[in-house]
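Peer 1: Here is a sequence with its predicted model. Questions after.
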Amino acid sequence: MTKYDVYGIGNALVDTEFEVDDKFFETYNIEKGFMTLVTHEQQEHLMRVLSEQHTMCKRTGGGSASNTLYALSQFGGSAYLCCKVANDKNGDFFLSELGHNNIQTNTQSDQVIGTSGRCLIMISPDAERTMHTYLGVSETISTAELDLEAAKNSQYIYLEGYLVTSPTGKEALIELKKFAEENQVKTAMTFSDPSMLQYFKNDINEVFGSYVDLLFCNLQEALLWTEAETLEKAIAIIKTKARQFAITLGAEGALLFDGKNEIEIISQKITAVDTNGAGDMFAGAFLYGITNGKNFKEAGDLASLASAKVVSNFGPRLKPAQHESLVKNVFSN
């Protein structure tokens, strides 16, 4: 019996969200809907501009894999998070946001000197999230932070695509994936953002290798990665590379492949206000389901409902009690 449902590795960030109008992106030459890496000075400048012109609507712990494992833990799963934070206020805040959430991490007694990562998130009227990220010490995450014993005692390892922007981060992903394969631990990977496939596709492919057991991506990422013109053509290609997968389709729901059958997950009728964290929540809920005795359809239904719930609020995470309510809603029948 394994100790952890999922061992994940990813950037440790503190999210700060502001609501903006579409003109803001034009004025400041910001690529809407993408994650852009920036320097500390660039981020500080944008932070001043946003603070002067707009009201901050949310500050929370962030990071793609962190959000996914937070969700998994709140649903009742067990997780180990490999990340890197500094001994500063943002680092303390990031760890406090994990709280007593059934998440073990290598950083609980090992914060380093430096500046923790932060992500400025601009939410436009259509609920799309646009991110400017300064990675701080997270950019130097490496194989030194890996706890291979914890990875070995997990059902899945979860690889965050964002880490390929760092040479040492990419090396850690490759080492962890190789270790998982050698020790019969299943591998799951998320592409994280379309920008990773536009600007770092070769690095993504280097980490991906010949296969993964479970791939998470959205429609745009699926098309960019496969260079296909339609979802149907993309699916055919992905089936040759991922043993199982989950493709989120926004308002159209999601399409799953359990290795034998394609499964359609219907969308939830909601009014979205903030899409930040939707994919992270989907992955967290889905991983919780399949590591705790649920089939792909059941896990997909929970993931769909949970991601709809999170986009109905500002921020990438839900409150603890909301997770319990969702599980009862989906699995009590």
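Peer 2: Yep, that arrived.
Peer 1: Could you tell me what pLDDT the model assigned to Tyr134?
Peer 2: pLDDT for Tyr134: 97.
Peer 1: Enumerate every residue touching it.
Peer 2: Contacts for Tyr134 were tallied using C-beta atoms under 8 Å, 6 or more residues apart in numbering; they are 37-40, 42-43, 115, 117-119. For the C-beta atoms, the positions are set from N, CA and C on the backbone; glycine is no exception.
Peer 1: try it again with 10 Å
Peer 2: Contact analysis of Tyr134 by C-beta atoms under 10 Å, 6 or more residues apart in numbering lists 13, 37-44, 46-47, 115-120.
Peer 1: Now, those that are in helices?
Peer 2: 40-44, 46-47 (DSSP state H).
Peer 1: List only buried entries from these.
Peer 2: Taking 16 or more other C-beta atoms under 10 Å as the criterion, what is buried in those is 43, 46-47.
Peer 1: the helices in the stretch 151-300 of the chain, which residues?
Peer 2: Along the stretch 151-300 of the chain, the segments classed as helices by DSSP state H, counting those that start in this stretch run 167-182, 194-199, 201-208, 219-226, 231-238, 278-291, 296-311.
Peer 1: ranking the ones you listed by burial, who's on top?
Peer 2: helix 278-291 (a mean of 28; mean count of other C-beta atoms under 10 Å).
Peer 1: With just CA atoms, put the helix or strand hosting Tyr70 into CSV.
Peer 2: Tyr70 belongs to helix 64-75 when assigned by DSSP states H and E. These are the backbone C-alpha positions of helix 64-75, laid out as CSV (Å, rounded to 0.1, in the frame of the first residue of the first chain):
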residue,chain,number,x,y,z
SER,A,64,-0.2,24.8,-10.8
ALA,A,65,0.9,21.5,-9.1
SER,A,66,0.3,23.1,-5.7
ASN,A,67,-3.3,24.0,-6.5
THR,A,68,-3.8,20.5,-7.9
LEU,A,69,-2.5,18.8,-4.8
TYR,A,70,-4.3,21.2,-2.5
ALA,A,71,-7.6,20.2,-4.2
LEU,A,72,-6.7,16.5,-4.0
SER,A,73,-5.9,16.7,-0.3
GLN,A,74,-9.1,18.6,0.5
PHE,A,75,-11.2,15.9,-1.2
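Peer 1: going forward, begin numbering at 550 instead of 1
Peer 2: In the new count, where the first residue is 550, that last one comes out as helix 613-624.
Peer 1: Taking their axis directions, it and helix 827-840 sit at what angle?
Peer 2: 50 degrees (axes from the mean of the first three to the mean of the last three C-alpha atoms, to 10 degrees).
Peer 1: Next secondary structure element downstream of helix 613-624?
Peer 2: strand 628-631.
Peer 1: Can you tell me which residue is spatially central in the chain?
Peer 2: Against the mean C-alpha coordinate of the chain, by C-alpha atoms, centre = their mean, the closest residue is Ser613 at 2.8 Å.
Peer 1: That one reaches Glu709, doesn't it?
Peer 2: Yes - counting by C-beta atoms under 10 Å, Ser613 does reach Glu709; the two are 5.0 Å apart.
Peer 1: between those two, what contacts are shared?
Peer 2: With C-beta under 10 Å, 6+ apart as the test, Ser613 and Glu709 both reach 557, 559-560, 739, 741, 829, 832.
Peer 1: residues touching Asp637, list them.
Peer 2: Asp637 is in contact with 643, 660-665, 685-686, counting by C-beta under 10 Å, 6+ apart.
Peer 1: Okay, and which of the shared contacts of Ser613 and Glu709 map to strands?
Peer 2: The strands, defined by DSSP state E, take in 557, 739 from the shared contacts of Ser613 and Glu709.
Peer 1: Leaving out sequence neighbours, find the closest residue to Ile796.
Peer 2: Nearest non-adjacent residue to Ile796, counting by C-beta to C-beta, 6 or more residues apart in numbering: Leu804, 4.8 Å away.
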